[in-house]
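**Q** here's my sequence, what's the structure:
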Amino acid sequence: MLSENVQDLNVTQINTVKTSVIQDFKEITKMRLALSVVFSSVAGYLLGVDTISWSTVLLLAIGGYFMVGASNAFNQIIERDLDKLMDRTKNRPIPSGRMTVNTAFAIATLFTLAGIIVLYIINPQTAMFGAISIFIYVSLYTPLKTKTPLSVFVGAIPGAIPFMLGWVAATDNFGIEPGTLFMIQFFWQFPHFWAIGWFLYDDYKKGGFFMLPTGKKDKGTAVQVLIYTVWTIVTSLIPVFGVTGSLYLTPVSGVIILVLGLVLLRSAVHLYNERDAKTAKKLMLMSVLYITLLQIIYVADKFIRIWI
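**A** Numbers count the residues shown, from 1 in each chain. Okay, the predicted model is just below:
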């Protein structure tokens, strides 16, 4: 009986260790964020492609995940001491002591190389933009976060690449179409990340991060959230007017996007009026819903036009 109990205990411990390793891997690569990036990339690919190659979709998904995972792993290595100071990050694998820096560095390096190789198989331009994304995120955005609110502008560049990257993967060409997709996701990130910076303001302050444009939860920040929300809506509607090459959006879909945009704008107005953490969190959630539905509508609009 004692032997059986010991065996059961050992099995439980092994399973716990396995679960912990998997959770740490998901955390160091930020799996949920990586999957959202993959979603954006695939949406961009479907917009740009004439004939879908499912092998390319798979390569894009794998390569995109590697690139995001690498960026996040490098980020957590660099910020490990600051992560210890914040409630939302102190239990991450490195600051908690569950993962060594060397292990995280090995994951980040492996993911970088694998990501570039996988994306290069699609075409060289896709690999180039993927590499640029990692470089800007790790070498510029990460160190600037503790120095200036302008870090959000720098971070918006790699954050806007995935939607564009899919188009480049489909066409091996960078023109006005992927440029427009980049612009949409670029402007969208400001109300999104400033909303996060607002409701996590106190925690970010512990780590010395400057995320809000004025550095404070004030009227100035709220006004900029409003301005960039409007720019997000405007850029989202540009393809309706037929000035973005082969990237086109029908007026019907344009109206749907406009309605979504007005709902997003209403959330930004509420933040301007209330200026509290609860309202900021609602804006953040609405911004995620907006960009997700926008990408679905863009893709659906294209294929409905083809089928009709």
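
**Q** how's the protein carved up into domains?
**A** For the chain, the domain assignment from automatic domain parsing gives the residue ranges 11-174, 175-308.

**Q** mean confidence for the shortest one?
**A** Spelled out, that is domain 175-308. Mean pLDDT, domain 175-308: 94.

**Q** give me the residues contacting the helix or strand hosting residue 229.
**A** Remark: residue 229 resides in helix 219-237, with elements defined by DSSP states H and E. Residues outside helix 219-237 that contact it (C-beta atoms under 8 Å, 6 or more residues apart in numbering): 180, 183-184, 187-188, 190-191, 194-195, 198, 212-214, 249, 254, 257-258, 261-262, 264-265, 268-269, 271-272, 275, 283, 290, 294. Placement of C-beta: from N, CA and C, glycine included.

**Q** need the longest helix for the chain.
**A** The helix spanning the most residues in the chain, taking DSSP state H as the definition, is helix 277-307.

**Q** list the buried residues of that one.
**A** Going by neighbour count (16 or more other C-beta atoms under 10 Å), the buried part of helix 277-307 is 279-284, 286-287, 290-291, 294-295, 297-299, 301-302.

**Q** and what of stretch 230-246?
**A** Buried residues in stretch 230-246 (16+ other C-beta under 10 Å): 230-233, 235-240, 244.

**Q** end to end on that stretch, go ahead and measure it.
**A** Using C-alpha to C-alpha, to the nearest Å, the end-to-end distance of stretch 230-246 comes to 24 Å.

**Q** return the distance of the helix or strand following the helix holding residue 229 from the chain's centre.
**A** Downstream of helix 219-237, the next assigned helix or strand under DSSP H and E is helix 251-274. Relative to the chain's own centre, helix 251-274 is displaced by 21 Å; criterion: C-alpha atoms, centre = their mean, to the nearest Å.

**Q** buried ones in stretch 77-96?
**A** 77, 79-80, 82-86, 89, 92-95.

**Q** low-confidence regions, the stretch 1-150 of the chain specifically.
**A** Counting by pLDDT under 70, the low-confidence segments of the stretch 1-150 of the chain come to 1-19.

**Q** what do you get if the cut-off is 90, keeping everything else the same?
**A** For the stretch 1-150 of the chain, the stretches with pLDDT under 90 are 1-35, 83, 85, 87-90, 97, 148-150.

**Q** all helices for it, in order.
**A** Counting by DSSP state H, counting those that start in this stretch, the stretch 1-150 of the chain forms helices over residues 2-28, 31-48, 54-78, 80-83, 101-122, 124-135, 142-144, given from the N-terminal end onward.

**Q** wait, which of those is closest to residue 158?
**A** Distances from residue 158 to each of the helices of the stretch 1-150 of the chain were compared using C-beta to C-beta; the shortest belongs to helix 124-135, at 4.0 Å.

**Q** output the contacting helices and strands for that closest one.
**A** Contact here means 3 or more C-beta pairs under 8 Å, 6 or more residues apart in numbering; DSSP states H and E; on that basis helix 124-135 packs against helix 54-78, helix 101-122, helix 151-171.

**Q** if we can go back for a sec, relative orientation of the helix holding residue 229 and helix 277-307 in degrees?
**A** Angular relation of helix 219-237 and helix 277-307 on a 0 to 180 degree scale: 10 degrees, by axes from the mean of the first three to the mean of the last three C-alpha atoms, to 10 degrees.
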